[in-house]
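1. Quick one, what's the 3D model for this:
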Amino acid sequence: MSQLIAGRTIACGEGGCSGGIAEALALANACEVTSVQFDVDGIATGITMEAAATFYLFDFKEETAVFNESGDNSGDSFAVTQTFEMIWRCRNHPDRNLIMDMANNLGGMVAIHVENTGVAWIWGYLNKQRVKLQTVESTSGAALLDANQTTLTLQAIAKEMAAEFGPGYAGIPLS
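-> Okay, the predicted model is just below:
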């Protein structure tokens, strides 16, 4: 059984809480992630992947990506809904193919993102609680000044919140 063992304080002058996602979203096929290692504080310190497996970077329109977690403890267990929404500028066929790959990835994905605070987070790594493409909406826009873009929402429902990933993108194989 878990119990409280500490409180929370904020040091005077502590800052660095800017909102937003700092870098491209990193996604890997969940079936290629064999384990995630943690330290005693629960911070993820490394990832073991199958040989030649990699995380792929997905860039987005500046200041359009957001990560949200919503916890619910009203049932017999705690559940967290994790969503990552991002906008891709301009509609094109290569992006269409990437979206279809995400949609058809029934095994799900593992995600890492870095927030503007400098902290990296990993989520979707729990067995059967993987990241999946939830919704996609593309628009050509109606007028010349309208946005031509695609909005993607990725989602995972898990038993625990995302874990800080200490090494950040430096700790993963990128493609």
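
2. What segments of this structure are helices?
-> 93-103 (DSSP state H).

3. could you pull out the strands for it?
-> In the chain, the strands defined using DSSP state E lie at 25-29, 33-38, 44-49, 56-58, 66-72, 79-89, 109-114, 120-123, 132-139, 149-158, 163-164.

4. other SSEs contacting the longest one?
-> Pointing back at strand 79-89 there. strand 66-72, strand 149-158 (3 or more CB pairs under 8 Å, 6 or more residues apart in numbering; DSSP states H and E). Backbone N, C-alpha and C define where each C-beta goes, glycine included.

5. and those as CSV, adding mean neighbour count?
-> Shown next, in CSV, are the helices and strands packed on strand 79-89 (neighbours: other CB atoms under 10 Å):
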stretch, mean neighbour count
strand 66-72, 14
strand 149-158, 20
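
6. residue closest to the middle of this structure?
-> Nearest residue to the geometric centre of the chain (CA atoms, centre = their mean): Ala111, 4.2 Å.

7. between the strands of the chain, which one is nearest to Met100?
-> Closest to Met100 of the strands of the chain is strand 132-139 (CB to CB; 9.4 Å).

8. And the contacts of that closest one?
-> Here strand 132-139 makes contact (CB atoms under 8 Å, 6 or more residues apart in numbering) with 83, 91, 99, 102-103, 105, 108-109, 146-156.

9. Compute the inter-axis angle for that strand and helix 93-103.
-> 150 degrees (axes from the mean of the first three to the mean of the last three CA atoms, to 10 degrees).

10. Show me how far strand 132-139 is from its chain's centre.
-> 15 Å (CA atoms, centre = their mean, to the nearest Å).

11. same deal with stretch 135-150?
-> 24 Å.

12. and what of stretch 84-104?
-> Using CA atoms, centre = their mean, the offset of stretch 84-104 from its chain centre is 16 Å.

13. what's the answer for stretch 113-128, then?
-> With CA atoms, centre = their mean, you get 5 Å for stretch 113-128.

14. same check, this time on stretch 30-47
-> With CA atoms, centre = their mean, you get 15 Å for stretch 30-47.

15. show me where pLDDT drops low in the protein?
-> Scanning the chain for pLDDT under 70 picks out 1-2, 8-16.

16. and the residue nearest to the centre of the chain, what does it touch?
-> Leu25, Ala26, Leu27, Phe84, Ile122, Trp123, Gly124, Val131, Leu154, Ala156.

17. Tell me the buried residues in stretch 97-107?
-> Buried residues in stretch 97-107, counted by 16 or more other CB atoms under 10 Å: Leu98, Ile99, Met102, Asn105.
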